[in-house]
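Visitor: I would like the atomic coordinates for the input below:
(chains A and B)
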Amino acid sequence: GAVVSQHPSWVICKSGTSVKIECRSLDFQATTMFWYRQFPKQSLMLMATSNEGSKATYEQGVEKDKFLINHASLTLSTLTVTSAHPEDSSFYICSPLLTGVETQYFGPGTRLLVL
Amino acid sequence: ELKVEQNPLFLSMQEGKNYTIYCNYSTTSDRLYWYRQDPGKSLESLFVLLSNGAVKQEGRLMASLDTKARLSTLHITAAVHDLSATYFCAVGSGTYKYIFGTGTRLKVLA
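Guide: Have a look, this model is predicted:
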């Protein structure tokens, strides 16, 4: 199956700082990457869809100026949480779109705690 | 707008018992997925269901899809402790988007 990595796996930061999360596809190229957020004991919510070389598409209610997504290459997509606040504390998971493949793969997730 | 609901939300069952988790969705879709999530971990793909009447089985888990009823089931046979996890269904919305169900937290008691 597809191998997806995320870095860091967990991060603790102070309120007001920015945090960058990297998602890499290690053995394939992904033109599209989905970013999800999962609050404790809740389901996954799609935040945005990033496309290599173009602007990301954000879901309703997700602030594009707060959650900056960059998909500069076919193997790397980044999510930057700007001016993080405690309510941004969550589990962030990326998932590449693999065309022609039925199974959906997910990164291992990044747990963010904002103090 | 596609809505996906699972029930039950919580399930505590004895080892060796059978049970079914239900996933209902509100609009037509051509694909449905089941995932398992262990505490603190990401998602593990269990089943992909792409057609009406599709049935797939892996070990003690069996998933089925009824697109007319907009219903999928995940049946657990003779549960064992290792099956304790949270199970999510996800329904395809549009070309590539997926809407996740509310999740079912399963605890199998020894």
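Visitor: Next, count neighbours for B:I76.
Guide: Residues lying near B:I76 (other C-beta atoms under 10 Å in any protein chain shown) number 21. Just so you know, the C-beta spots here come from the backbone N, C-alpha and C atoms, and that holds for glycine as well.
Visitor: how many neighbours does the closest residue to it other than its chain neighbours have?
Guide: Nearest residue to B:I76, sequence neighbours excluded (C-beta to C-beta, 6 or more residues apart in numbering or on different chains): B:Y19, at 5.1 Å. Applying other C-beta under 10 Å, we find 17 residues neighbouring B:Y19.
Visitor: same question, B:S84
Guide: 17.
Visitor: List phi and psi for B:L32.
Guide: Main-chain torsions, B:L32, degrees, to the nearest 10: phi -140, psi 140.
Visitor: distance between the ends of stretch B:94-108?
Guide: 36 Å (C-alpha to C-alpha, to the nearest Å).
Visitor: Next, report how far it is displaced from the centre of its chain.
Guide: Computed by C-alpha atoms, centre = their mean, to the nearest Å, the separation of stretch B:94-108 from the middle of its chain amounts to 7 Å.
Visitor: you'd agree the residue nearest to B:I76 is up against B:L11?
Guide: Yes - using C-beta atoms under 8 Å, B:Y19 makes contact with B:L11 at a distance of 6.3 Å.
Visitor: Where does the prediction get shaky in the chain?
Guide: Answering for chain A, as no chain was given. For chain A, the stretches with pLDDT under 70 are A:1, A:102.
Visitor: my bad, the chain I had in mind was chain B
Guide: B:95.
Visitor: try 90 this time
Guide: Low-confidence segments of chain B, defined by pLDDT under 90, span residues B:1-2, B:28-31, B:50-53, B:92-98, B:110.
Visitor: near chain A, which residues of it?
Guide: B:31, B:33, B:40-43, B:45, B:48, B:50, B:88, B:90, B:96-103, B:105 (C-beta under 8 Å from any C-beta of the partner chain).
Visitor: Skipping adjacent residues, who's closest to the residue most central in space within chain A in space?
Guide: For chain A, the residue lying nearest the average C-alpha position, counting by C-alpha atoms, centre = their mean, turns out to be A:W35 (3.9 Å). Residue nearest to A:W35 in three dimensions, not counting chain neighbours: A:M47, with 4.7 Å by C-beta to C-beta, 6+ apart.
Visitor: what's the span of stretch A:53-71, first residue to last?
Guide: The first and last residues of stretch A:53-71 sit 6 Å apart, counting by C-alpha to C-alpha.
Visitor: Briefly note if that stretch comes near chain B.
Guide: No - Stretch A:53-71 does not reach chain B (C-beta under 8 Å from any C-beta); its nearest approach is 8.9 Å.
Visitor: For that stretch, buried residues please.
Guide: Across stretch A:53-71, burial judged by 16 or more other C-beta atoms under 10 Å in any protein chain shown covers A:56, A:58, A:62, A:67-71.
Visitor: hang on, the earlier thing: are any of the residues of chain B next to chain A buried, and which?
Guide: Taking 16+ other C-beta under 10 Å as the criterion, what is buried in these is B:31, B:33, B:42-43, B:45, B:48, B:88, B:90, B:97-103, B:105.
Visitor: Nearest to A:S5 among the residues you listed?
Guide: Proximity of those to A:S5 (C-beta to C-beta) peaks at B:S42, which lies at 11.0 Å.
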